[in-house]
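Chemist: Can you look at this prediction? I've put the sequence above it.
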Amino acid sequence: MMAPVFAHGQLRLYLLSLLESGPKHGYELITDLSDRFGGTYRPSPGTVYPRLARLEEEGLVVRVDEERKSTYALTAAGRAELEARRGDLASLEEGIAESVRERAAEVRDDVRGSMRGLRADLAAAAQRARAEAVPHTGSTSTDTRTASHVRWADAEVMLQRFRDEIRADLRKADAQGKVEQLTVETLRTVLDTALTAVRGTLR
C-alpha cells in the first residue's frame, strides 16, 4: 500500500501554489496534481473541494461561479501567505519529487508482476498450441513453409499496427508535454517481457 502523499496542511499549501499561475476550476487542480505525480496519484474531489472551501472561508481564495462550474483564484491574502511560506513550499516540492520516484518504482514493480503473469499465460498458451499441433498425413515441407510464411505475415501486421499506434499516442502526448518517465519504464517492461515470451515460442 502506498504511503500518504501529503502530510497535514501540505495539500492546502500546494493548492495555493497551483493557483499562483492563475484561476482554475477544481477539476483543473485535480488534473494538475495528477500531472505533478506522473499519474501515480490523483486526489479525489472529496479531498480537494473541502480544502478549497476552507481556503475560501479563510479569505485566501475567492470562488467565482460560472454556469455549472466554479473557478478559484488567489486573493491578496492568499498571495501573501504563499510568499511567506516559500521555504515550506520548496521543501514540499522536494518531498513530492521523492514521492514520485518511490511511487513510480512501486508501480513499475506492479507492472513487472502483472507482466510476469502475462508471460506465464503466453508460455502456457504456446505450450498448448505445440501439444495440439498434430501433423497432417501426407503434408509436405512446402506446405509447412507456406503456413509458416502466412503466420509470419500476420505477426508482421500486428507488430506494425502496435508500432504505429504507440508512436501516434506518444507523439500526441509529447506535443502536450505529457510523456512521463513512468510511460517509458512501462513500455520498456512490456516490450522486454513480450520479447522473452515470444522468443520462447520460436524454439
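Modeler: Looks like it arrived, so ask away. All values reported here derive from a predicted model rather than from experimental measurement.
Chemist: At which residues are the strands of the protein located?
Modeler: Counting by DSSP state E, one finds strands in the chain at the ranges 24-25, 61-66, 69-74.
Chemist: what packs against the last one?
Modeler: Translated: strand 69-74. Counting contacts by 3 or more C-beta pairs under 8 Å, 6 or more residues apart in numbering; DSSP states H and E, strand 69-74 is packed against strand 24-25, helix 26-36, helix 45-57, strand 61-66. All C-beta atoms are positioned from the backbone trio N, CA, C, and that covers glycine.
Chemist: Any chance of CSV for the ones you listed, columns distance to Leu16?
Modeler: Listed next are these as CSV, based on distance: least, C-beta to C-beta, whole Å:
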stretch, distance to Leu16
strand 24-25, 11
helix 26-36, 11
helix 45-57, 7
strand 61-66, 7
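Chemist: What is the neighbour count of Leu170?
Modeler: 15 (other C-beta atoms under 10 Å).
Chemist: How about the contacts made by it?
Modeler: 179, 183 (C-beta atoms under 8 Å, 6 or more residues apart in numbering).
Chemist: Repeat that for Leu15.
Modeler: 29, 48, 51-52, 55, 61.
Chemist: Check the residues you listed and tell me the two furthest apart.
Modeler: Maximum pairwise distance in these, criterion C-beta to C-beta, is 12.1 Å, between Val48 and Val61.
Chemist: and the protein, what are its domains?
Modeler: The record assigns the chain these domain ranges, following automatic domain parsing: 10-84, 106-199.
Chemist: Of these, flag the one that's most buried.
Modeler: With neighbours taken as mean count of other C-beta atoms under 10 Å, the domains of the chain reach their highest mean count in domain 10-84, at a mean of 15.
Chemist: Leaving out sequence neighbours, find the closest residue to Gly22.
Modeler: Ala73 (7.4 Å; C-beta to C-beta, 6 or more residues apart in numbering).
Chemist: low-scoring stretches of this protein, by residue?
Modeler: Filtered on pLDDT under 70, the chain yields the residue ranges 1-5, 104-143, 145-147, 149-150, 153-154, 157, 203.
Chemist: do that again at 80, thanks
Modeler: Along the chain, the model assigns pLDDT under 80 to residues 1-9, 35-41, 66-68, 96-161, 164, 197, 200, 202-203.
Chemist: Find the residue at the geometric middle of it.
Modeler: Note on the chain: the residue nearest the mean C-alpha position is Gly39, at 4.4 Å, using C-alpha atoms, centre = their mean.
Chemist: on that earlier part again, from the contacts of Leu15, pick the one nearest Ser91.
Modeler: Among these, and counting by C-beta to C-beta, the member closest to Ser91 is Arg51, at 19.3 Å.
Chemist: Hmm, Leu11 and the closest one touching each other?
Modeler: Yes: counting by C-beta atoms under 8 Å, Leu11 is a contact partner of Arg51 at 5.9 Å.
Chemist: Now list whatever residues contact both of these two.
Modeler: By C-beta under 8 Å, 6+ apart, no residue touches both Arg51 and Leu11.
Chemist: hmm, back to that, ramachandran coordinates for the residue nearest to the centre of the chain?
Modeler: Dihedral pair for Gly39: phi 80, psi 0, per degrees, to the nearest 10.
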